[in-house]
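Engineer: Structure for the following, please:
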Amino acid sequence: MKTDVYTFGSALIDIQLHARDFLFDEMDIKKGNMYLINRFQQEKILGKIFDKDLQTGGKLHTAPGGSASNTVFGISQLGGKAALCGKVADDSFGELYIKYMKDSGVSFNKKKVAGTTGTCIVLISDDAQRTMLTCLGVSSEIEYGDVDEDQLKQSEYIYIEGYLFDSEVATKTILKAVDTARKNNVKIALTASDSFCVERHRDLFMGLIKDDVDLLFANAQEAQALSNTDDTAKAVGILSEICQNLAVTDGSRGSILSFNGQVYNIQPFIATALDTTGAGDSYAAGLLFGLTHGYSVEDSGKIASFYASRVVSQIGPRYAGDIRKEMISLKLEKNIS
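Structural biologist: This is a model prediction of the structure:
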């Protein structure tokens, strides 16, 4: 089956909670980052914030999550065809995740394995930042046998979630998938995921970016970490020298696209941010949708910016409105019906 984007990402169930600022100090957690923790630590944190046990699952506010998973949901919502190579366990959260993906129209490997499905506590602070406390469970144990190789070969892009490089098993799988993509003229997109992830895997990331990546996604902090500079413009200049196509988001300042040596400054759409969870994921969805559906680079950037503005204006990383209908206001409706 022809697929626009075949994605590698962590299949997680998000547990979304509001957290007052003083709790971050108590837990020695810096707002806006992602931390890898175990299930015991998750339950301890939940005990501080919410008087429920993690194992009750359905009684908590849950949603399908994972960075790349949010992106493929967005591509599907916009009208594209997307697939996710991920992994869940044979437990209640795994069943819930499979149902969520089926309902979203994303093709997903339904195989369940022993263990626990990955979960992520998303703490939403008063200033709308999201802080993620992730217990990966089986989500990072993606093996090459989990890959639908025929679907990968028939995709226009593969999209790789940087967080997966925290897993040795997933890293081997991704590197083999990159080789398969290269041999079949499938373009390769990589998201840096977060600045801490860049610090952990900078050499590996830079090697991929130089040799294999066709399109790099990063926010300003990630771009600076990759390029060893504290200036976003300099970071874009450095990275565009080694990667043909680059998308750097910078919050309320908009985003910068550098494609084949040409730079596009994409203006942000005005939005009152209630929750920045999934902002970068939805931006990637919009850009990849545009690029795989005949839009120009600049118009694809406008779609990405618009979609991200709609996502941050609500609670949760997956837009609840009718984005295709709303996109008519952009006057880019040639592929929108």
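
Engineer: I'd like to know how many residues surround Asp203.
Structural biologist: Close neighbours of Asp203, defined as other Cβ atoms under 10 Å, add up to 7. The way it works is simple: take the backbone N, C-alpha and C, and place the C-beta from them, glycine included.

Engineer: list the helices and strands the helix or strand hosting Lys44 packs on?
Structural biologist: Taking DSSP states H and E as the criterion, the element that holds Lys44 is helix 39-49. In terms of contacts (3 or more Cβ pairs under 8 Å, 6 or more residues apart in numbering; DSSP states H and E), helix 39-49 is packed against strand 12-18, helix 21-27, strand 118-124, strand 130-135.

Engineer: which intervals of the stretch 201-337 of the chain have sub-threshold pLDDT?
Structural biologist: Counting by pLDDT under 70, the stretch 201-337 of the chain shows low-confidence ranges at 332-337.

Engineer: can you do 80?
Structural biologist: Along the stretch 201-337 of the chain, the parts satisfying pLDDT under 80 run over 274-277, 315-317, 329-337.

Engineer: who touches the residue nearest to Ala285 when sequence neighbours are not counted in this structure?
Structural biologist: The shortest distance from Ala285 to any non-neighbouring residue, by Cβ to Cβ, 6 or more residues apart in numbering, is to Gly74 (2.7 Å). Listed by Cβ atoms under 8 Å, 6 or more residues apart in numbering, the contact set of Gly74 reads Asp281, Ser282, Ala284, Ala285, Gly286, Phe289, Tyr307, Val311, Arg318, Tyr319.

Engineer: any idea how far the third one is from Asp126?
Structural biologist: To tie it back to what came earlier, the one meant is Ala284. When distance is defined by Cβ to Cβ, to the nearest Å, Ala284 is 27 Å away from Asp126.

Engineer: Name the residue in these two with the higher neighbour count.
Structural biologist: Higher neighbour count among Ala284 and Asp126: Ala284, with 31 against 10, using other Cβ under 10 Å.

Engineer: okay but that one is in contact with Thr191, surely?
Structural biologist: Yes - taking Cβ atoms under 8 Å as the contact criterion, Ala284 and Thr191 are neighbours in contact, 6.0 Å apart.

Engineer: Which neighbours do the two have in common?
Structural biologist: Counting by Cβ under 8 Å, 6+ apart, the residues touching both Ala284 and Thr191 are Thr71, Tyr159, Phe217.

Engineer: quick one: secondary structure of the second one?
Structural biologist: Local secondary structure at Tyr159 is given as strand here, using DSSP: H, G, I helix; E, B strand; the rest coil.

Engineer: Show the contacting residues for it.
Structural biologist: Applying Cβ under 8 Å, 6+ apart to Tyr159 gives the contacts 5-9, 68, 71-72, 189-191, 284, 288.

Engineer: Closest to Ser240 out of the contacts of Gly74?
Structural biologist: The shortest distance between Ser240 and any of these, using Cβ to Cβ, involves Ala284 and amounts to 17.7 Å.

Engineer: so who does that closest one touch?
Structural biologist: With contacts defined as Cβ under 8 Å, 6+ apart, the neighbours of Ala284 are Thr71, Gly74, Tyr159, Ala189, Thr191, Phe217, Ala247, Ala304.
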